[in-house]
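S.K.: need a structure here:
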Amino acid sequence: MQRKLSIMIGLLVLVVVLVVVLLMVFQKDETTQEAAVIGEPVEKEAPVKQIRVAEQVPGLITPGVWDGQVFSMNSSIYEYLIEINAETGELDPVLATSWETNEGKVWTFKLRQGVKFHDGSDFTAEDVKYTIERTQDPSLGHLKKTDFEVVESVRVVDDYTVQVTLKEARPTFVYLFTDYNMAILSSEYDYASLGESKPMGTGPFMMSQLVPKESALLKKNPNYWAEGLPKIDQIAIYFVGDIDASISMLESDRVDVVPFITPEIQQRVDGIDGISVISPYQEQRFISMRVDEAPFNDNRVRLAFKYAMDPKVIARSTAKMELNDGVFYNETPIMNMLAEYKELPLRERNIAKAKQLLAEAGYPNGLSTELYYASDHPFGKELSQTVKELAAEAGFDIELKGYTRDVYLSQYWLNVPISITGWGGRIDPSMLLSLAFKGGGPWNESHLDEPVLNDLIEKISSEADPDQRMAYYHELQEWFYNNGPLINVQVPYLVAIKDNVVGYRQPLTMLPQYKYMDIL
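M.R.: Numbering: from 1, shown residues only. Here you go, the predicted structure:
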């Protein structure tokens with residue numbers, strides 16, 4: 001009996017001890033939760049460093065056919081052989097560690113070792129060979145096809161050496177690899193099937209989630225080759241079709257960066273603590289006339305249109321800035337800031353001359369036409385309205401056709417009488433010439449195919465002597481001044497950004513370098 005009683009007492013004590021232990025655990029958990037609620041310090045994981053970006057709605061995003069939207073996304077996923085240093089403007093090695101050439105015809109690239117693609121495969125010379133040869137895939141419609149037609153062969157010397165032989169000398173060939181459509185791709189990945197839904201490169205960030213036309217989440221590449229980079233853990237990108245909506249997100253602390261803002265937006269946020277506006281570089285607005293159809297197939301009509309413009313009025317009404325102080329104007333494809341630019345006299349506005357030229361071309365009572373532009377792209381609305389009003393006095397009755405940029409580019413661009421298109425600059429302007437002004441160029445919005453112009457573009461690309469190449473550039477600009485279907489309005493590229501985001505870099509190649517950015 002005594003033995004049974006002892007056992008019962010022992011069990012009772014054990015139950016009491018268990019109850020006390022459970023109560024202590026519960027109380028500790030409750031205390032921890034309460035401390036979290038009232039803000040007392042508790043042990044927790046380090047916060048995720050995330051930069052949030054409001055970007056425009058993208059079209060195609062696969063390199064080669066990428067239309068230049070959402071630079072923050074693609075420039076973080078993919079990498080290039082080289083990049084432009086945003087501070088010095090010089091070429092910096094990335095996936096290529098060095099390069100050399102034999103008078104511009106044979107180029108040898110030494111490649112970085114130990115780099116992996118996001119799928120775990122090794123980056124080697126085969127991937128560079130594949131990326132270059134892919135430009136000539138007839139089924140792809142690669143936007144750098146024309147530029148890389150000069151390639152005769154690509155030879156893999158070893159796993160980390162590539163030799164590119166050209167059909168003729170191209171002294172600035174290396175600059176072609178800074179174009180945003182020349183990201184280095186994996187020779188083993190199916191970009192045809194996966195490029196639009198699961199983009200994959202060697203970049204500092206990896207695609208974690210992509211909701212088409214809505215958002216993307218990029219996460220830090222844990223195997224990135226550059227020690228200490230990237231500095232942040234995530235990039236959250238929201239695709240927003242309206243700039244006012246993007247700025248509202250910035251003001252309400254839902255995003256940290258909004259690119260492509262207008263001067264009006266800049267004035268709106270200037271007085272808000274914690275938000276700044278920066279301008280990494282100038283970009284271009286090409287006012288282009290289509291020359292293979294009436295009325296702009298007649299150079300007298302093109303000249304009349306240009307005589308109707310007033311550069312000073314355009315600068316003030318479009319960007320609220322003075323000409324040559326934030327806004328620049330010329331009638332050629334060469335930006336005023338580049339060494340290749342030749343200063344030609346501004347065409348003075350002359351309405352009488354414009355009307356005379358129209359009458360000589362068979363339009364004594366003026367003419368009607370349509371101007372298409374991206375309504376959600378900075379400076380688009382203001383510039384189109386200013387052009388319409390200036391041209392009206394000379395006899396041009398212009399109907400404005402504004403569409404969101406994704407619709408404008410996919411449905412109207414390249415097939416309209418007059419267009420206003422946003423163009424980024426190129427560190428080597430010959431890259432732009434072949435793309436947009438040479439006969440057969442994929443982005444030739446004016447439909448130019450002039451033998452004299454084609455010949456000049458070829459000479460510029462192949463001339464090894466820098467002085468002679470500069471002479472060709474000057475000759476080309478004179479041709480555009482006298483015959484060309486182009487007005488080039490250069491405006492500041494503006495980015496609204498939270499003050500706690502530091503290290504923003506974006507060179508003239510338009511590719512923001514988020515790997516250097518941090519958030520305080």
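
S.K.: I'd assumed Q411 was in a strand, is it?
M.R.: No - going by DSSP: H, G, I helix; E, B strand; the rest coil, the assignment for Q411 is helix, not a strand.

S.K.: In contact with it, which residues?
M.R.: Y403 (Cβ atoms under 8 Å, 6 or more residues apart in numbering). (C-beta placed from N, C-alpha, C; glycine too.)

S.K.: Give me the contacts around the helix or strand where A216 lies.
M.R.: Remark: A216 resides in strand 215-220, with elements defined by DSSP states H and E. Residues outside strand 215-220 that contact it (Cβ under 8 Å, 6+ apart): 70, 73, 76-77, 204-210, 230, 232-239.

S.K.: 10 Å instead?
M.R.: 48-51, 53, 55, 58, 61, 70, 72-73, 76-77, 199, 203-211, 229-240, 514-515 (Cβ atoms under 10 Å, 6 or more residues apart in numbering).

S.K.: and the direction of the following helix or strand past that strand versus that of strand 215-220, what angle?
M.R.: Once strand 215-220 ends, the next helix or strand along the chain (criterion: DSSP H and E) is strand 234-239. Relative orientation of strand 234-239 versus strand 215-220 (axes from the mean of the first three to the mean of the last three Cα atoms, to 10 degrees): 160 degrees.

S.K.: Now do whichever helix or strand comes after strand 234-239 and strand 234-239, the angle between them.
M.R.: With elements assigned by DSSP H and E, the helix or strand that comes after strand 234-239 is helix 243-251. Following the same axes, to 10 degrees, one obtains 150 degrees for the angle between helix 243-251 and strand 234-239.

S.K.: Who are the packing partners of helix 243-251?
M.R.: strand 50-55, strand 234-239, strand 257-261, helix 263-269, strand 275-289, strand 486-498 (3 or more Cβ pairs under 10 Å, 6 or more residues apart in numbering; DSSP states H and E).

S.K.: pLDDT averaged over that helix, what's the number?
M.R.: Here helix 243-251 scores 94 as its mean pLDDT.

S.K.: in it, what's buried?
M.R.: By neighbour count on 16 or more other Cβ atoms under 10 Å, the buried set for helix 243-251 is I243, S246, I247, M249, L250, E251.

S.K.: ok, Y180 to T386 distance?
M.R.: 29 Å (Cβ to Cβ, to the nearest Å).

S.K.: ditto for S246
M.R.: Relative to T386, and taking Cβ to Cβ, S246 is found at 24 Å.

S.K.: Over to M517?
M.R.: M517 is 35 Å from T386, by Cβ to Cβ.

S.K.: Kindly report the same for E293.
M.R.: Taken as Cβ to Cβ, the span from E293 to T386 is 24 Å.

S.K.: the more surrounded of the two?
M.R.: Between E293 and T386, counting by other Cβ atoms under 10 Å, T386 is the more crowded of the two (20 against 12).

S.K.: any idea how far S375 is from that one?
M.R.: T386 is 15 Å from S375, by Cβ to Cβ.

S.K.: Restricted to buried residues, select the contacts of strand 215-220 in PyMOL.
M.R.: Selection of buried members from the contacts of strand 215-220 for PyMOL, criterion 16+ other Cβ under 10 Å:
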select buried, resi 51+53+55+58+61+70+72+73+76+77+199+203+204+205+206+207+210+229+230+231+232+233+234+235+236+237+238+239+240+514+515
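
S.K.: hmm, back to that, run the angle between the strand holding A216 and strand 50-55 for me.
M.R.: Using the same axes, to 10 degrees: strand 215-220 against strand 50-55 is 140 degrees.

S.K.: Just checking: what are the partner strands of strand 215-220?
M.R.: Sheet pairing of strand 215-220 (DSSP bridges) gives strand 205-211 (antiparallel), strand 234-239 (antiparallel).

S.K.: So which of these is nearest Y341?
M.R.: Y341 lies closest to strand 234-239 among the strands paired with strand 215-220, at 34.6 Å (Cβ to Cβ).

S.K.: Please save the CA atoms from the closest one in CSV.
M.R.: This file holds the C-alpha atoms of strand 234-239, laid out as CSV (Å, rounded to 0.1, in the frame of the first residue of the first chain):
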residue,chain,number,x,y,z
GLN,A,234,16.2,42.7,-53.3
ILE,A,235,14.8,44.9,-56.1
ALA,A,236,11.0,45.1,-56.2
ILE,A,237,9.8,46.5,-59.5
TYR,A,238,6.3,47.7,-60.1
PHE,A,239,5.1,48.3,-63.7
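
S.K.: quick revisit: which among the buried residues of helix 243-251 gets closest to N488?
M.R.: I243 (23.1 Å).

S.K.: and the closest one, what does it touch?
M.R.: 54, 56, 258-262, 264-265, 376-378, 496.

S.K.: Repeat the analysis, applying 7 Å as the threshold.
M.R.: I261, T262, I265, D376 (Cβ atoms under 7 Å, 6 or more residues apart in numbering).

S.K.: ok, it to S384 distance?
M.R.: 16 Å.

S.K.: ok, now L91?
M.R.: Taking Cβ to Cβ, one finds L91 at 37 Å from S384.

S.K.: Over to G326?
M.R.: Distance from G326 to S384, by Cβ to Cβ: 19 Å.

S.K.: which one of these two has more residues nearby?
M.R.: Shown here are G326 and S384; by other Cβ under 10 Å, S384 has more neighbours (25 against 16).

S.K.: So for that one, what's the nearest residue that isn't a sequence neighbour?
M.R.: Y373 (4.7 Å; Cβ to Cβ, 6 or more residues apart in numbering).
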